[in-house]
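Enquirer: can you look at this prediction? I've put the sequence above it.
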Amino acid sequence: MEAGATAAAKSRAEAPSLRAARRRWGEDLIKAFLILAAFISILTTTGIVVSLVGETISFFGEVGVGDYLFGTEWSPLFEPASFGVLPLVLGTFLISAVAMLVAVPLGLAAAIYLSEYAHPRVRKIIKPILELLAGVPTIVFGYFALTFFTPEVLRGLFGSDVAIFNGISAGIIIGFLIVPTVASISEDSMSAVPQSLREGAFGLGAAKLQVTMRVVFPAALSGIVASVVLGFSRAVGETMVVVIAAGLQPQWGLNLFKAMETMTAFIAATGKGDIPTGSIEYKTIFAVGTTLFVITLIMNLISIRFVRKYRQVYE
Amino acid sequence: MSAHSGAVGKASAGRRGKDRGFQLGLLFCVAVSVVLLAVLLVDVVADGVGRLSWDFISSFTSISADQAGIQAALWGTIWLMGVCAAFIVPVGVATAIYLEEYADSTKWWNRLIEVNIQNLAAVPSIVYGILGLAFLVRGPLSLGNVVLAGGLTLGLLVLPVVIIAGREAIRAVPPSIREGSMALGATQWQTIWRQVLPASIPGIATGVILALSRAIGETAPLIVIGAVTVIAFNPTGLDSPFTAMPIQIFDWISRPSNDVNDYRPLAAAGILLLMILLVAMNSVAIWLRNRYEQKW
């Protein structure tokens, strides 16, 4: 009898002694319907891949793969058109890097504070505030970056070197937007560290700071890594803040005070017009979409893997 | 913390000082996020509160900033949320039931479904816009840029939220409830329909509301599937062209403002209205959770 080892769901599903003697077709029909519903999520992924790949292949029928992947000039809508995606990729990663410089320290600090230090009453106030931050639509952050953060804060600090549309404002604001992502997953994994580990360290004479940084933090590391990778993936995929505040001009350079364009911003800006199916503009959307999808997919899978790891260790 | 440091910290006052500094540093970081959120809210309210009125809600958009309102976008959003809810409730709940009650998680295809849903939850929203454009608006279904296509695109986008919340709610119902029901001769579906689902409805409803409150603010996918920005009528059905609140707000943000027409206050007023809807939805979710949550 392996009852202890089998999952509850399994024993429920099989449970031979509870089975009716005759087959119940109604039950089977319902189960088939449920499987069909679960299948929709698989269909969604398939749909995304099929739509992206089909048009991308046809895009590469017109533009060389090398020209696309290694070209440093992106001007698909002008004559002569140039399809080097690197400026978009650079813009995406620069803005995401700025975002992570904001989100990782703030998010981890919030997670450590909530998990290790905060009084339950303080927790009850701060957690909903972080949830509220996560619930604000990104278009609101875009509005804030353009109408307040750039003119009032950045120009106040750096003067008119900062263009109205610039990469750094979008990056910093995206950073705040993903603080809740980093904070909540990290906090979950730190809370999952067994109390006995902390008590053991205290028993050996460690101070609170040592327990937090040398015991809890390393023990929760896989969850923390997962939160950072997922946060980065969100920064790469964020659209509205960049469309509104970063300027929609591809830049092959590192000047954060100037306008920039990301992959997401290009897709949104180009998709806005009613472009004809099958035109090269239409296909560029899918080529850039594929690039974006592949980058975020890799990061998501890494993150899912790390989350599973910390769940396995302590649950 | 006092229980520990009382016993340990006496020998080294310096260490306690370091600990105190660290804690202050953490608090400072938390404060930075909170202050930013506060400044954002104050800024939006200050910009938009003067424009938020019944006229704003009941007027259509206009070139003249003084006369423009958000009616068509408000109704567009209501229609989109209706379609979205009609899609995500049955599909999301059915998927959650399958994964929790029927699926054998040691089988590879069930694990594939799970990883797939986790990944879908993190796919950039604009990619769903591309999916909607290629499959719903054009391509196989060719619905055009209408309410049905917009609602389904948003539905696919937030479906993982409902599934994940639904699974948690179903998992929270203790096995003893199921065993009791089956011992009395109920079939598996009777057990799910009459015992498990009623007990998990508060959790599922909370998940649905959270999903809708994410969908209501989504802009990027709607831009890509071609939601119309300037439209002066309310949707009349599923096959009607539409605009939505975030689309209208985006339009106002990106219009160049001048002395005659300043669109910024309009954008801010639209944002305020959107945030009011969001707060209302979330309040309902919190109320549901507190009112009906069962402790086993």
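Expert: Sure thing, it's come through.
Enquirer: please make it C-alpha for all contacts and neighbour counts, starting now.
Expert: Will do.
Enquirer: for residue 237, which non-adjacent residue is closest in space?
Expert: Since you didn't name a chain, this refers to chain A. The shortest distance from A:Gly237 to any non-neighbouring residue, by CA to CA, 6 or more residues apart in numbering or on different chains, is to B:Pro124 (4.6 Å).
Enquirer: oops, I was thinking of chain B
Expert: B:Val147 (7.4 Å).
Enquirer: quick check: B:Leu131 touching A:Gly47?
Expert: Yes - contact criterion CA atoms under 8 Å: B:Leu131 and A:Gly47 qualify, at 6.7 Å.
Enquirer: which one of those two is surrounded by more residues?
Expert: Neighbour count, other CA atoms under 10 Å in any protein chain shown: between B:Leu131 and A:Gly47, B:Leu131 has more, with 28 against 18.
Enquirer: can you pull the contacts of that one?
Expert: Going by CA atoms under 8 Å, 6 or more residues apart in numbering or on different chains, B:Leu131 touches A:47-48, A:51-52, B:153.
Enquirer: tell me the two of those residues that are most distant?
Expert: Spatial extent of the contacts of B:Leu131 (CA to CA) is set by the pair A:Leu52 and B:Thr153 at 15.7 Å.
Enquirer: more neighbours: which of these two?
Expert: B:Thr153 (28 against 24).
Enquirer: how about the contacts made by the more buried one?
Expert: B:128-129, B:131-132, B:136, B:221.
Enquirer: just confirm it is within a helix.
Expert: Yes - assessed by DSSP: H, G, I helix; E, B strand; the rest coil, B:Thr153 belongs to a helix.
Enquirer: so it versus A:Ala81, what's the distance?
Expert: Noted for B:Thr153: a distance of 31 Å to A:Ala81, by CA to CA, to the nearest Å.
Enquirer: and the stretch 51-200 of chain B, which of its residues are near chain A?
Expert: Contact residues (CA under 8 Å from any CA of the partner chain) of the stretch 51-200 of chain B with chain A: B:91-92, B:94-104, B:113, B:115-120, B:122-128, B:130-131, B:134-135, B:156, B:175, B:182-183, B:185, B:187-189.
Enquirer: from those, list the buried ones, please.
Expert: The neighbour count (16 or more other CA atoms under 10 Å in any protein chain shown) marks B:91-92, B:94-104, B:113, B:115-120, B:122-128, B:130-131, B:134-135, B:156, B:182, B:187-189 as buried among these.
Enquirer: need the residue closest to the centroid of chain B.
Expert: B:Arg214 (1.8 Å; CA atoms, centre = their mean).
Enquirer: give me the phi and psi for that residue.
Expert: phi -80, psi -40 (degrees, to the nearest 10).
Enquirer: surely it and A:Leu132 touch.
Expert: No - the criterion here is CA under 8 Å, and B:Arg214 misses it with A:Leu132 at 11.7 Å.
Enquirer: related to what we said a few turns ago, and the residue nearest to the centre of chain B, what pLDDT?
Expert: Here the pLDDT value assigned to B:Arg214 is 94.
Enquirer: again with the one 3 residues further on
Expert: On the pLDDT scale, B:Gly217 is placed at 94.
Enquirer: that one falls within a strand, correct?
Expert: No - B:Gly217 is assigned coil when assessed by three-state DSSP, not a strand.
Enquirer: tell me the contacts of it?
Expert: By CA under 8 Å, 6+ apart, the neighbours of B:Gly217 are A:136-139, B:245-246, B:274.
Enquirer: quick check: the two most widely separated of those residues?
Expert: Once CA to CA is applied, those give A:Val136 and B:Met245 as the farthest pair, at 14.0 Å.
Enquirer: okay, the two: which has more neighbours?
Expert: Neighbour comparison, A:Val136 and B:Met245: the larger count goes to B:Met245, with 27 against 21 (by other CA under 10 Å).
Enquirer: residues of the stretch 201-315 of chain A that sit close to chain B?
Expert: Near chain B, when you scan the stretch 201-315 of chain A using CA under 8 Å from any CA, you find A:202, A:205-209, A:230, A:233-234, A:237-240, A:244, A:264, A:267-268, A:271-274, A:285-286, A:289, A:293, A:296-297, A:300-301, A:304.
Enquirer: just the buried members of the residues you listed?
Expert: By 16+ other CA under 10 Å, these give A:202, A:205-209, A:230, A:233-234, A:237-240, A:244, A:264, A:267-268, A:271-272, A:285-286, A:289, A:293, A:296-297, A:300-301, A:304 as buried.
Enquirer: secondary structure element holding B:Gly144?
Expert: Using DSSP states H and E, B:Gly144 sits within no helix or strand.
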